[in-house]
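Enquirer: turn this into a model:
(one chain, ligands or ions: 1)
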Amino acid sequence: MKETQFELGAAYATKMDAADPLKKYREQFYFPKQKDGRNVLYFVGNSLGLQPKKARAYVDEVLNDWETLAVEGHQVGKHPWYPYHEFLTDSTARLVGAKPLEVVVMNTLTVNLHLMLISFYRPTKKKYKIVIEAGAFPSDQYAVASHAKLHGLDPKETILEWRPRPNETLLNIRDLEELIQAEGDSIALVLLGDVNYRTGQAFPLKEIATLAHTQQIIFGVDLAHGAGNLELQLHDDKVDFAVWCSYKYLNAGPGALGGCFVHERHAEEFSRPRLEGWWGHDKVKRFLMEPEFRPMAGAEGWQLSNPPILPMATLRASMEIFDEVGMANLRRKSELLTHYFEALLKQDEFKLVKILTPSTPKERGCALSLEFGKTGKAVMKKLSEEGVVCDYREPGVLRFAPVPLYNSFQDVFELCEILKKHVK
Ligand SMILES: *Cc1c(COP(=O)(O)O)cnc(C)c1O
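Expert: Here you go, the predicted structure:
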């Protein structure tokens, strides 16, 4: 696809929206309003996704069951609470390209990351290092450092960073390959965000899994910016474990429940240590109250507590939309929409703006990160006065996520018209 295929005038955005097979989904979400009653131009679905209109009804169903059935609600009602998380299993598996056995919705992202690290980071005297990407999200950095410390190791000597080359901002896969070849004997774990939160760079999971596995290294992925954004194939790519949150691209609301993937080949490794709780115990025998823990096979065996049903209700509302649309269709629109955004940003008016995100569709999700340097915060303020919602990351980066479920070509066009006025 070449830029020249896009026309840069307003009429073209209108035409693209009219031809968009996913256009009806925009109506299924609430947009905050500006003072004059118009929708804001919402470009932070990578931070907090919009509310699906049907979320309220799903929450009401739980509240009503609680009101009228109380404890019986665990077993009866349209969606009984005892198996409630299972109503999410199939759609979650399709979302990340997994088998149902490999996924579970539970806890929140960093908690799940800790549960996975307990089980999959098993350092020995010789093989103990952890590779992360330079500029990883702080919570991921804290999490891995804390596991080094739990094992009595010094994080400084334990954590290796995959870094950009001098004067570059993006990471080069050949450098990771070299690092793994040079240090493979001492590396126990590679943990990466599949899309870096700051630059928007996406990494080739299958290739990295292969590199890691040739040296008996576990490969874990943080999908915070990948779930609901990229078309994932975690099973086929042979990722060992993955964790994600559901309040960003998955539109399940603030602090929504997270997800967790454990590859099938680890499904019955019961000798692998884990933190144990009764909800991970063999379902059939859970209420026999036996003293000895017997984990369920697969990702469900990492559950600890009986889960919070109310936030699962909003996630169920959202996952039904993803299931209906399908990630392949969503990604098709997403590539087009982001490419259109990029084409508009290549106009002369934007020559002072640097796009940090790679321009190859395979190497990015929907979001583009723009480098503004010192003027970043001021530009953000101006945009916000004109009804644009985006976000700022130190130092000097504005992130814009045209989300294919609810953003239109018109949104992107209007954003660029406003942006033009403030980049001089
Ligand atoms: C958003 C995000 C998180 C947030 O973690 P929570 O536990 O959900 O608060 C962690 N890691 C990455 C890469 C993120 O983008």
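
Enquirer: where along this protein do the helices fall?
Expert: Under the criterion DSSP state H, helices of the chain are mapped to 10-18, 55-69, 89-96, 109-120, 138-150, 155-158, 173-183, 205-213, 234-237, 309-325, 327-345, 376-385, 409-420.

Enquirer: check which residues of the last one are buried.
Expert: Spelled out, that is helix 409-420. For helix 409-420, burial by neighbour count (16 or more other C-beta atoms under 10 Å) applies to 409, 411-416, 418-419. C-beta coordinates here come from the backbone N, C-alpha and C atoms, glycine included.

Enquirer: now do stretch 107-118
Expert: 107-110, 112-118.

Enquirer: filter those residues down to the ones near the ligand?
Expert: Among the buried residues of stretch 107-118, the residues within reach of the ligand (C-beta under 6 Å from any ligand atom) are 108-110.

Enquirer: quick check: of these, which lies closest to residue 398?
Expert: Using C-beta to C-beta, residue 109 comes nearest to residue 398 of these, at 23.7 Å.

Enquirer: what distance do you get for that closest one to residue 258?
Expert: To residue 258, residue 109 is 4 Å away according to C-beta to C-beta, to the nearest Å.

Enquirer: can you check residue 23 too?
Expert: For residue 23, the distance to residue 258 equals 30 Å [C-beta to C-beta].

Enquirer: compare these two (neighbour count), which wins?
Expert: residue 258 (26 against 15; other C-beta atoms under 10 Å).

Enquirer: center of this protein - which residue?
Expert: In the chain, the residue lying closest to the centroid (C-alpha atoms, centre = their mean) is residue 224, at 2.6 Å.

Enquirer: which outside residues touch the least confident helix or strand in the chain by mean pLDDT?
Expert: Using mean pLDDT, DSSP states H and E, the weakest-scoring helix or strand in the chain turns out to be strand 391-393, at a mean of 91. Contact with strand 391-393 is made by 44, 46-47, 197-198, 369, 376-377, 380, 398-399, as judged by C-beta atoms under 8 Å, 6 or more residues apart in numbering.

Enquirer: try it again with 7 Å
Expert: Contact with strand 391-393 is made by 44, 47, 198, 376-377, 380, 398-399, as judged by C-beta atoms under 7 Å, 6 or more residues apart in numbering.

Enquirer: which residues are common contacts for residue 109 and residue 258?
Expert: 243-245.

Enquirer: out of those residues, who's nearest residue 292?
Expert: For the shared contacts of residue 109 and residue 258, the nearest to residue 292 is residue 243 (27.6 Å; C-beta to C-beta).

Enquirer: ok so, going back, give me the subset of the shared contacts of residue 109 and residue 258 touching the ligand.
Expert: Among the shared contacts of residue 109 and residue 258, the ones lying near the ligand by C-beta under 6 Å from any ligand atom are residue 245.

Enquirer: which of the shared contacts of residue 109 and residue 258 fall in strands?
Expert: Secondary-structure check on the shared contacts of residue 109 and residue 258 using DSSP state E: residues within strands are 243-244.

Enquirer: narrow the shared contacts of residue 109 and residue 258 to those that are buried.
Expert: 243-245.

Enquirer: dump the residue contacts of the nearest residue to residue 225 once chain neighbours are set aside.
Expert: Distance criterion C-beta to C-beta, 6 or more residues apart in numbering; nearest residue to residue 225, sequence neighbours excluded, is residue 195 at 3.9 Å. By C-beta under 7 Å, 6+ apart, residue 195 lies in contact with 201-202, 225-226, 229-230, 365.

Enquirer: I'd like the distance between whichever residue of the stretch 251-400 of the chain sits closest to the ligand and residue 106.
Expert: Minimum separation of the stretch 251-400 of the chain from the ligand (C-beta to the nearest ligand atom) falls at residue 258, amounting to 6.3 Å. Taking C-beta to C-beta as the measure, residue 258 falls 7 Å from residue 106.

Enquirer: kindly report the same for residue 240.
Expert: 18 Å.

Enquirer: ok so, going back, list the contacts for the residue nearest to the centre of the chain?
Expert: Contacts here follow C-beta under 7 Å, 6+ apart; on that basis residue 224 touches 109, 137, 193, 197, 244-245, 248.

Enquirer: need the residues you listed in CSV with pLDDT, can you?
Expert: Output for the contacts of residue 224, formatted as CSV (pLDDT from 0 to 100):
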residue, pLDDT
109, 98
137, 92
193, 94
197, 91
244, 98
245, 98
248, 98
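
Enquirer: what's next to the strand ranked longest in the chain, contact-wise?
Expert: If you go by DSSP E, the chain has its longest strand at strand 187-193. With contacts defined as C-beta under 7 Å, 6+ apart, strand 187-193 is touched by 120-123, 127-133, 136-137, 140, 144, 180, 203, 208, 212, 215, 217-222, 224-225.

Enquirer: now do it against helix 173-183, angle only.
Expert: Compare the direction of strand 187-193 with that of helix 173-183 by axes from the mean of the first three to the mean of the last three C-alpha atoms, to 10 degrees and you get 160 degrees.

Enquirer: pull the CA atoms of strand 187-193 into CSV?
Expert: Provided in CSV are the C-alpha atoms of strand 187-193 (Å, rounded to 0.1, in the frame of the first residue of the first chain):
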residue,chain,number,x,y,z
ILE,A,187,19.8,-16.5,30.2
ALA,A,188,16.8,-18.0,31.8
LEU,A,189,14.0,-15.8,30.6
VAL,A,190,13.2,-13.3,27.8
LEU,A,191,10.2,-11.0,28.7
LEU,A,192,9.0,-8.4,26.2
GLY,A,193,6.0,-6.2,25.6
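
Enquirer: now that strand, how far from the centre of its chain.
Expert: Centroid separation for strand 187-193 versus its chain: 17 Å, with C-alpha atoms, centre = their mean, to the nearest Å.

Enquirer: that one and the ligand, are they touching?
Expert: Yes. Applying C-beta under 6 Å from any ligand atom, one finds strand 187-193 in contact with the ligand at residue 193.

Enquirer: got the angle for that strand vs helix 138-150?
Expert: Using the same axes, to 10 degrees: strand 187-193 against helix 138-150 is 160 degrees.

Enquirer: when you give positions from now on, start the count at 307
Expert: Right, with 307 as the first residue, what we last looked at is strand 493-499.

Enquirer: parallel or antiparallel, which strands does strand 493-499 pair with?
Expert: strand 435-439 (parallel), strand 524-528 (parallel) (DSSP bridges).
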